[in-house]
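Student: Model the structure of this input:
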Amino acid sequence: MNEHDAILAALERIATQAPPPDRVVANLSARIRAHRQRRALLTLGGAAAVGVPAFIVLRPDQAGPGPGPAPASAGPDPSPRPGNTWAPMLFRPTWLPDGVTEVSRVGHKGDEPGQSRIWADDIYRRWAETFKDETLRESRFVGVDVKRAAELATRGPVSPPVDVLGGEPNTTVGDHPAYVTDPDDDLAEVTWLVDNLLIKVTVSPAAGGYDAALRVARSVVPDRTSRVEVGFSLRWLPARFGRTGWRVTSSVTATKWSQQLVSLHDDFMVVGLHSPGFFPTSDTNPDDTQITVRGRQGTLSDGVLLVELADGSWLRVGAGNRTEAVRIANDLIIGQPAYRGWVGTR
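Tutor: Sure thing, here's the model as predicted:
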């Protein structure tokens, strides 16, 4: 696995993992260890539940001295571009602590609603390069995650929804009972239900912790104008994926970008376009199977097809077998450059 794959998978665990049903995990270092143990799943295609958030990463020599003046708040996103795939954002905060801007978006396309969004500072972005625990502890980040409360789908409303929220309701967000973690916990988290959707706000200690988490949570409103978009669409899929939902993800670094569709099907699949230079040539394995895709020479290794396209970008497909991966890649519709104007805004 290369460095970029590790970043993608580690950040996914922070962005999309819902609180355990018995209690919210309070220890930050334990979270980081758990995230690291799951990093390999994206590349190997080993779990259907894995999704990848959009994020921005600055190398230490590019990060600068710290946040400057706050950028303008993001306005309504433009209409999706022809040939592209997109998913809506569901909620956004109207208040954020100083020094953070939006760096991550994941949306769900299909019948399963969901989102993951992260606002963070430069220290967090450097952590994404190094995975040094002490760096993450010093960083400012705010996450707003949404998922369907599956636990309620078959049994109706529960009062109080202790097993859904992660703990006994001990505060409110608007008119909704909510659970907030203890002020002494490493991460402050607030969870509550709105129309069978579980919303979770996570705030790091450096960003204000407990007090900031409550303030962010109580500022959250529906978002009907934001989306995440990738610059391609799928023309062919195996029949078993006919009604599959997808995580739509877009990631941006200081010099590189990555866009992916990750299946919500029990049978894992990931399809992605990546910028020139995203996959170092040093990662090439002489034992990889050589294969021709879209008229270009590519490789197939551990169920993952990788080919450099004519413009220098990389196409990667992780599918059930070689035949499916090749057909998905050959039939892929390359659209227009995806909108990423939301990166770095509040």
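
Student: Which parts of the stretch 201-346 of the chain are helices?
Tutor: For the stretch 201-346 of the chain, helices defined by DSSP state H, counting those that start in this stretch occupy the ranges 209-217, 322-331.

Student: Output the below-cut-off pLDDT ranges for this protein.
Tutor: Applying pLDDT under 70 to the chain flags the ranges 1-74, 128-135, 150-161, 252-255, 280-284.

Student: hmm, 50 instead?
Tutor: Scanning the chain for pLDDT under 50 picks out the ranges 1-70, 154-155.

Student: Not counting its neighbours along the chain, what's nearest residue 173?
Tutor: Nearest non-adjacent residue to residue 173, counting by Cβ to Cβ, 6 or more residues apart in numbering: residue 192, 4.6 Å away. All C-beta atoms are positioned from the backbone trio N, CA, C, and that covers glycine.

Student: Quick check: bridge partners of that neighbour?
Tutor: The partner list for residue 192 in beta bridges (DSSP bridges) reads residue 178, residue 199.

Student: and it, what is it in contact with?
Tutor: By Cβ atoms under 8 Å, 6 or more residues apart in numbering, the residues touching residue 192 are 165, 172-173, 176-179, 198-199, 217.

Student: From residue 286, how far off is the residue lying closest to residue 279 once chain neighbours are set aside?
Tutor: Of all residues not flanking residue 279 in the chain, residue 314 sits nearest, at 5.5 Å (Cβ to Cβ, 6+ apart). As judged by Cβ to Cβ, to the nearest Å, residue 314 and residue 286 stand 19 Å apart.

Student: For residue 322, see how far away the residue nearest to residue 226 when sequence neighbours are not counted is.
Tutor: Nearest residue to residue 226, sequence neighbours excluded (Cβ to Cβ, 6+ apart): residue 89, at 3.9 Å. To residue 322, residue 89 is 36 Å away according to Cβ to Cβ.

Student: do residue 264 as well
Tutor: Residue 264 is 23 Å from residue 322, by Cβ to Cβ.

Student: Residue 79 too?
Tutor: Relative to residue 322, residue 79 is positioned 37 Å away (Cβ to Cβ).

Student: Residue 264 and residue 322: who's more crowded?
Tutor: Using other Cβ atoms under 10 Å as the criterion, residue 264 and residue 322 rank with residue 264 on top: 20 against 13.

Student: Next, the closest residue to residue 112 other than its chain neighbours: phi, psi?
Tutor: Of all residues not flanking residue 112 in the chain, residue 245 sits nearest, at 4.5 Å (Cβ to Cβ, 6+ apart). Per-residue torsions, residue 245: phi -90, psi 160 (degrees, to the nearest 10).
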